[in-house]
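1. Provided below are the primary sequence and the corresponding predicted coordinates.
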There are 2 protein chains.
Amino acid sequence: MVDSYKAHGRHLPPSKSTAASDVPTRILEEATRLFAARGFDGTSLSEIAGAVGIRKPSLLYHFPSKDALRRSVLEHMLSHWNELVPRLLKAATSGEDQYDALLRETVGFFTADPDRARLLVREALDRPDEIGALVQRHVRPWADVVCQHIRKGQAQGRVHPNVDPEAYVGQMINLIISSVATYKCIGDVAPRGVSPDEMRRRHILELCRVAKSSLFISPASATAQGRENGRENGRENGRENGRENGRAAR
Amino acid sequence: MVDSYKAHGRHLPPSKSTAASDVPTRILEEATRLFAARGFDGTSLSEIAGAVGIRKPSLLYHFPSKDALRRSVLEHMLSHWNELVPRLLKAATSGEDQYDALLRETVGFFTADPDRARLLVREALDRPDEIGALVQRHVRPWADVVCQHIRKGQAQGRVHPNVDPEAYVGQMINLIISSVATYKCIGDVAPRGVSPDEMRRRHILELCRVAKSSLFISPASATAQGRENGRENGRENGRENGRENGRAAR
DNA sequence: CCTACCGATCGGTAGG
DNA sequence: CCTACCGATCGGTAGG
């Protein structure tokens, strides 16, 4: 169905006109897209090769096996994630405004390319042990930092005393990733004529409100932050994660 | 690999000794389990047939195709869900205790059989349009009722005025389902020696706290509910969803 | 980076 | 409910 053994001359390969990029990178990008959309088992090497404009054996020259390609896709995404971590840690200092920046950075990473969220959720279901180890290595370090700030906030009376820091952080990460991964469906809970894009924006806003409102005692999060509608919150995908936010947190 | 064309005499079929149940029901159960664990594309009809103790063509006698089996699995789960809806609507009257019961009923439905959550998340990723339509039919009606109660609570000053009811309900449903579906991974965010079961219990407790704390203005949710540890919350799977809760909400 | 090809397994059917 | 079998497609290799 995909390995069409004809009509593939050097002219018009199905390239997406994504400018340059070498072949291995193109393979990684198309594999990410297809794994996220159809899953690992639901995607054939021929499909990926076809999307890149080469043939299956050529793909297997760059990546020794399908599973090796899968691991490379994960590593590729993690390298993007690691670029963000320093900024995350900088934003993780206590205070509600700083926490808002931390939330927006994290949400922005996944809304900038929802495939990241879809891929992570799929892998968490398909290979929980592997993703678990990955979470331990790449998420837990700065999650621990956030937990420390939460406990400090509790000692200072700014954070609800009954927050379970580890569980709270785990649930918020879970909420961010899965809401981006499945926003096509949760938007169907209640759109009485609201556009899908508008509903998605409202979901992101509500996510941030829930995260802060359930953390801070301060009534600030319950009044100032909520109904500021026409801001640059609904970040468009395609661009790399936002770096223009975090300043104008309110 | 699975269709072992030998050693399958009437004696010792790989039945799980699950007592009675007719063959179609057994097929549905094993298909649910395998689809949830490995995904639709990652599960072969031979595997399902083997788990039931029959052969692939026999399975295709009961279900005309693999896709028909998938749809039946979804319907089978929805029939269980529909049993719960009346109780849900009864619990959906306003008030924090009633809302706590609603949360526990919903959480209990998925923790009673986490495969339900895993299956839903997988289907939402694989066939978002189909699950979207399903959400519209089976979730939106009572979600609308909950939204009405939230607005009433806002009018009475018991609920945060900046809650976006539709978005809030969508995110809470999303949070419940995905946290049950991926609890094997989010538990790895921060277990410094805590057992996985204990961490799962804390995640469920924190989920309920976040849901209430971000909704109600009342400081009750910020003090009374949090640190009551040794209750019967960590419901074991295998049994049908809980009916012993909802009474002792605090 | 390609053509040609491999064994294995897939969903599904014939026929009883 | 079974055996036997179908064409299609899978991941991967040989060889250039």
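-> Ah, there it is.
2. got a pLDDT number for residue A:110?
-> Looking at residue A:110, its pLDDT stands at 98.
3. which helix or strand contains residue A:122?
-> According to DSSP states H and E, residue A:122 maps onto helix A:114-126.
4. now that helix: mean pLDDT?
-> On average, helix A:114-126 scores 98.
5. report whether that helix contacts chain B.
-> Yes: counting by C-beta under 8 Å from any C-beta of the partner chain, chain B has neighbours in helix A:114-126: A:118, A:121, A:122, A:124, A:125, A:126. Glycine gets a C-beta too; all of them are placed from N, C-alpha and C.
6. may I have the phi/psi pair for the closest residue in space to the second one that isn't next to it in sequence?
-> By that I understand residue A:121. Using C-beta to C-beta, 6 or more residues apart in numbering or on different chains and skipping the chain neighbours, the partner closest in space to residue A:121 is residue A:181 (4.5 Å). Dihedral angles of residue A:181 (phi, psi; degrees, to the nearest 10) stand at phi -70, psi -40.
7. quick one: contacts for residue A:181?
-> Residue A:181 is in contact with A:114, A:117, A:118, A:120, A:121, B:124, B:125, counting by C-beta atoms under 8 Å, 6 or more residues apart in numbering or on different chains.
8. closest to residue A:103 out of those?
-> Using C-beta to C-beta, residue A:117 comes nearest to residue A:103 of the contacts of residue A:181, at 15.0 Å.
9. isn't that closest one right up against residue A:173?
-> No: Residue A:117 is beyond contact range of residue A:173, at 10.8 Å (criterion: C-beta atoms under 8 Å).
10. higher neighbour count, these two?
-> For the pair residue A:117 and residue A:173, the greater number of neighbours falls to residue A:117 (22 against 19), based on other C-beta atoms under 10 Å in any protein chain shown.
11. show me what contacts the more buried one?
-> When contacts are taken as C-beta under 8 Å, 6+ apart, residue A:117 is in contact with A:110, A:176, A:177, A:178, A:180, A:181.
12. repeat that with 7 Å
-> A:110, A:177, A:180, A:181 (C-beta atoms under 7 Å, 6 or more residues apart in numbering or on different chains).
13. and if you look at residue A:180?
-> Applying C-beta under 7 Å, 6+ apart, the residues contacting residue A:180 are A:110, A:111, A:114, A:117.
14. which of the residues you listed ranks first by neighbour count?
-> Within those, most neighbours by other C-beta under 10 Å means residue A:111, with 26 neighbours.
15. which element is the residue nearest the centre of chain A on?
-> Centroid-nearest residue in chain A: residue A:110, 2.4 Å away (criterion: C-alpha atoms, centre = their mean). Assigned by DSSP H and E, residue A:110 belongs to helix A:96-111.
16. C-alpha coordinates for that helix, PDB please?
-> Output of helix A:96-111 as PDB, limited to C-alpha atoms (Å, rounded to 0.1, in the frame of the first residue of the first chain):
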ATOM      1  CA  GLU A  96       2.800  32.700  42.700                       C
ATOM      2  CA  ASP A  97       4.100  34.700  39.700                       C
ATOM      3  CA  GLN A  98       7.100  32.500  39.400                       C
ATOM      4  CA  TYR A  99       4.900  29.400  39.600                       C
ATOM      5  CA  ASP A 100       2.700  30.800  36.900                       C
ATOM      6  CA  ALA A 101       5.800  31.200  34.700                       C
ATOM      7  CA  LEU A 102       6.800  27.600  35.400                       C
ATOM      8  CA  LEU A 103       3.300  26.400  34.400                       C
ATOM      9  CA  ARG A 104       3.300  28.400  31.200                       C
ATOM     10  CA  GLU A 105       6.700  27.100  30.200                       C
ATOM     11  CA  THR A 106       5.700  23.500  30.800                       C
ATOM     12  CA  VAL A 107       2.400  23.900  29.000                       C
ATOM     13  CA  GLY A 108       4.000  25.800  26.200                       C
ATOM     14  CA  PHE A 109       6.500  23.000  25.600                       C
ATOM     15  CA  PHE A 110       3.700  20.600  24.800                       C
ATOM     16  CA  THR A 111       1.300  22.900  23.100                       C
END
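17. in terms of secondary structure, what does it contact?
-> Helix A:96-111 sits against helix A:66-91, helix A:165-181, helix A:196-213, with contacts defined as 3 or more C-beta pairs under 7 Å, 6 or more residues apart in numbering or on different chains; DSSP states H and E.
18. mind listing what's buried in it?
-> Using 16 or more other C-beta atoms under 10 Å in any protein chain shown as the test for burial, helix A:96-111 gives A:96, A:98-111.
19. and for stretch A:145-158?
-> A:146, A:147, A:149, A:150, A:153, A:154, A:158.
20. next: stretch A:190-205.
-> For stretch A:190-205, by 16+ other C-beta under 10 Å, it's A:190, A:191, A:199, A:200, A:201, A:202, A:203, A:204, A:205.
21. which one of those residues is nearest to residue A:84?
-> Once C-beta to C-beta is applied, the member of the buried residues of stretch A:190-205 that ends up nearest residue A:84 is residue A:204, at 17.2 Å.
22. returning to what we had before: and the pLDDT for the residue nearest to residue A:121?
-> With respect to pLDDT, residue A:181 scores 98.
23. list the contacts for residue A:187?
-> A:196, A:199, A:200, A:203.
24. I misspoke; the intended subject was residue A:63.
-> A:27, A:69, A:72.
25. give the phi and psi angles for it, as a check.
-> According to degrees, to the nearest 10, residue A:63 has phi -130, psi 120.
26. could you measure it against chain B, distance?
-> 20 Å (C-beta to the nearest C-beta, to the nearest Å).
27. distance of that residue relative to residue A:72?
-> Separation of residue A:63 from residue A:72 (C-beta to C-beta, to the nearest Å): 6 Å.
28. cool, residue A:173 as well?
-> From residue A:173 to residue A:72 the distance is 24 Å (C-beta to C-beta).
29. domains of chain A?
-> Domain ranges of chain A: A:23-63, A:77-223, per automatic domain parsing.
30. could you dump these into TSV with distance to DNA strand D added?
-> TSV is the format used below for the domains of chain A (distance: least, C-beta to the nearest atom of the strand, whole Å):
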stretch	distance to DNA strand D
domain A:23-63	3
domain A:77-223	14
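31. save the ones you listed as JSON lines, and put in distance to residue B:23 too.
-> As requested, those are exported to JSON lines (distance: least, C-beta to C-beta, whole Å):
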{"stretch": "domain A:23-63", "distance to residue B:23": "27"}
{"stretch": "domain A:77-223", "distance to residue B:23": "28"}
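32. let me know the pLDDT of the closest residue to residue A:208 other than its chain neighbours.
-> In space, and not counting its chain neighbours, residue A:208 is closest to residue A:103: 5.2 Å by C-beta to C-beta, 6+ apart. Residue A:103 is assigned a pLDDT of 96 by the prediction.
33. report the contact partners of residue A:154.
-> Neighbours of residue A:154 in contact, by C-beta under 7 Å, 6+ apart: A:161, A:163.
34. which secondary structure element contains it?
-> Going by DSSP H and E, residue A:154 is part of helix A:140-155.
35. what's the weakest-modelled helix or strand in chain A?
-> The helix or strand of chain A with the poorest confidence is helix A:220-223; it has a mean of 46 (mean pLDDT, DSSP states H and E).
36. between the contacts of residue A:181, which is nearest residue B:141?
-> residue B:124 (18.9 Å).
37. for that closest one, what are its contacts?
-> So residue B:124 contacts A:182, A:185, B:131 (C-beta under 7 Å, 6+ apart).
38. save these as CSV, and put in neighbour count and distance to residue B:76 too.
-> As requested, those are exported to CSV (neighbours: other C-beta atoms under 10 Å in any protein chain shown; distance: C-beta to C-beta, whole Å):
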residue, neighbour count, distance to residue B:76
A:182, 26, 22
A:185, 27, 20
B:131, 22, 15
